[in-house]
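# just to be clear, the model below is a prediction. Sequence and coordinates:
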Amino acid sequence: MEKQQLLKQYFGYDSFREGQETLIDSILEGRDVLGIMPTGAGKSLCYQIPALMMRGITLVISPLISLMKDQVEGLNQAGIHAAYLNSSLTLGQYKKALLFAREGRYPIIYVAPERLLTEEFLDFALDTRIAMVAVDEAHCVSQWGQDFRPSYLKITEFIEKLPVRPVVAAFTATATKEVKEDIIDILMLREPTLMTTGFDRKNLYFGVMSPKDRYGAVKNYLDCHPGESGIVYCLTRKMVEEVWEKLEKDGFSVTKYHAGLKDGERKENQEDFIYDRSLVMVATNAFGMGIDKSNVRFVLHYGMPKNLESYYQEAGRAGRDGQPAECILFYSGQDVITNQFFIENNQDNQELDDLTRQIVMERDRERLRRMTFYCFTNDCLRDYILRYFGEYGSNYCGNCSNCLSQFEDVDVTEMAQAILGCIGECRQRYGMNVILETVHGADTAKIRGYRMNQNSFYGSLKKVPVYKLRQILQHLILKEYITPTNDEYAILKLTEKTKLLLEEGERLTMKLAKEQEHPAKVKSGKGASGGQTGGYRGSKGALLSGEGFGEKEEALFEKLRQLRTQIAREEKVPPYIVFSDKTLTHMCMLKPKTREEMLKVSGVGEHKYEKYGERFQSCILEERQED
């Protein structure tokens, strides 16, 4: 069967997305590939379709049990036989799966990297035709990546043991230049086809807020988005417990996930979220890698992650179906201190030698610095993220809190010169807070003890609000007029560029908000502290908006969603495995009457039509008759 037929019959799509066909063709030609594609761009299809066309088995190396389970369930629902081999199976189940694999029942097998070099698996692999090894989440192979896993280093050794080298295909959603080079070198990819489709997720709205009452802001957001599924990420287990307890007490459909829970409770809570029994998951970053839940409409960060790679990966779990979704980061200055503690006490790199560990630690501090800038920049948030990954846009996306806020260009040269002069006069010995308190004229024991009240710039910016001074200082760091030291205390140092402002007459302008607090896209209602819900959009409203989508279509969408939930319970699979929100939305638009019309709906393949098509058609027909 041709690739186009497979795409329609099993996956229900009429055409390939950007980059997919190039990668598929390269694999079928026997070439190694590296695909860097954002979450939701369809990376898995790039190896699943060739796997159905090649002679032999495709092994998919995957880091997490939940990821494998999700992928295999999705393939089985589509009518494709697949299996996974990991520690969740009993010995009997594992042996049975290997037996069926030997008999050729599975064209695709997912396997944990830890299993590759075990005696039993090697015995199977050496006696089986392995056509392709697909490495999912390939950034895990790099110690410079945000999720380095030493077990991934076993992949190359495994491939070298095979009698015939298979095609090696690597895929990841986020990779800096260094990580990309690492993937190619460590996996020993041979003249690979490189495909980077871009990191932009246009359906995602990005926002940053610094509320005085973080919990109140999150509660308010959930109040404004009833019935929607989402994730609230917290930095620590303790914070997860606190937020979960408060949300449950306030009546929300919520569950929790962190490494401190027992295995059984973690598994049950994860399934409650995936199966829509709990709408909101409160979790640490231990949750989420490889979760294919397509109807996550928001991801809220109850604190700043330690780097942009982690943030973009976690935020990217929203809107996997391509429909509108929101990613909002609630920032506090304490987040920087918490993340610095994590970096200094990182236990993940104990296998590295001292020198390499120090280099990794310095890079982690630099990543934290760039993440902090994201929280303070007044430029387009999407453009800031894309620039970090080496892409450049127009600095206006129209779909982030900064682009939707009112800013004005302000000349801040004199204020910047005072800040730089203060740093220079105290011989570059202090950090941000001491400098800000000095120029603002704070009369504290610390300032007097450091004799900063004798600095000639003491109190020179007394009339400027501290929040504005902090923005200007952050801007000076961002533009490299100042650099903080990479250590626990982050002492501010002047750079070569400093003299451009102090000696050579250069002017400095920056974008500042016309008001201190400003709504971006405002959802009706008031914030937790009496203000408006700045930065909130109705993602469900955006999902069900557009030409031809009115109240009748919204009512039909809810009925189809109820039917999907009913079928999911009958078959004991997550609702999004039956059909995605995007597919249901398309059904509401087309209102198909016949089999041929139903097969025109995006995401409805022949196998799924045979299983579910008539029930959804009947639901649509009932709604039409009621009209």
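In hand now; what should we look at?

# where does this protein dip in pLDDT?
Along the chain, the model assigns pLDDT under 70 to residues 145-146, 289-290, 347-352, 486-488, 515-549, 626-627.

# domain ranges for it, per the record?
The chain resolves into domains spanning 3-196, 204-388, 407-513, 544-626 when parsed by automatic domain parsing.

# I'd like those written out as TSV, with mean neighbour count and distance to residue 395 added.
C-beta: built from backbone N, CA, C; applies to glycine. Below are the domains of the chain laid out as TSV (neighbours: other Cβ atoms under 10 Å; distance: least, Cβ to Cβ, whole Å):
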stretch	mean neighbour count	distance to residue 395
domain 3-196	19	20
domain 204-388	19	5
domain 407-513	16	10
domain 544-626	17	26
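
# all strands of the stretch 201-350 of the chain, in order?
Using DSSP state E, counting those that start in this stretch, the strands of the stretch 201-350 of the chain run over 204-209, 229-234, 254-257, 280-283, 296-302, 325-330.

# how about residues contacting the last one?
Spelled out, that is strand 325-330. The contact list for strand 325-330, computed with Cβ atoms under 8 Å, 6 or more residues apart in numbering, reads 203-211, 214, 217-218, 221, 296-304, 311, 315, 318-319, 374-375, 401, 535-537, 539.

# apart from its chain neighbours, what residue comes closest to residue 590?
Spatial nearest neighbour of residue 590, chain neighbours left out: residue 601 (5.9 Å); criterion: Cβ to Cβ, 6 or more residues apart in numbering.

# quick one: the one you found from residue 17, how far?
Per Cβ to Cβ, to the nearest Å, residue 601 is found 17 Å from residue 17.

# again, but for residue 255
Residue 255 sits 32 Å away from residue 17, going by Cβ to Cβ.

# which stretch among the strands of the stretch 201-350 of the chain comes nearest residue 417?
With Cβ to Cβ as the criterion, residue 417 lies closest to strand 204-209 of the strands of the stretch 201-350 of the chain, at 27.8 Å.

# in CSV, list the C-alpha atoms belonging to that closest one.
Extracted in CSV, the C-alpha atoms of strand 204-209 (Å, rounded to 0.1, in the frame of the first residue of the first chain):
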residue,chain,number,x,y,z
LEU,A,204,-0.5,28.6,21.4
TYR,A,205,-1.1,31.8,23.2
PHE,A,206,1.8,32.8,25.5
GLY,A,207,1.5,35.0,28.6
VAL,A,208,3.6,36.0,31.6
MET,A,209,2.1,37.4,34.8
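
# show me what that strand packs onto, helices and strands only.
Where contact means 3 or more Cβ pairs under 8 Å, 6 or more residues apart in numbering; DSSP states H and E, strand 204-209 is packed against strand 325-330, helix 381-388.

# ok and it relative to strand 325-330, angle-wise?
Interaxial angle of strand 204-209 relative to strand 325-330 (axes from the mean of the first three to the mean of the last three Cα atoms, to 10 degrees): 20 degrees.

# returning to that earlier point: could I get the helices and strands packed on strand 204-209 as a markdown table with distance to residue 346?
Formatted as a markdown table, these follow (distance: least, Cβ to Cβ, whole Å):
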| stretch | distance to residue 346 |
| --- | --- |
| strand 325-330 | 22 |
| helix 381-388 | 21 |
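
# skipping adjacent residues, who's closest to residue 597 in space?
Nearest to residue 597 is residue 590, by Cβ to Cβ, 6+ apart, at 6.5 Å.

# quick check: that neighbour touching residue 600?
Yes - counting by Cβ atoms under 8 Å, residue 600 is a contact partner of residue 590 at 6.5 Å.
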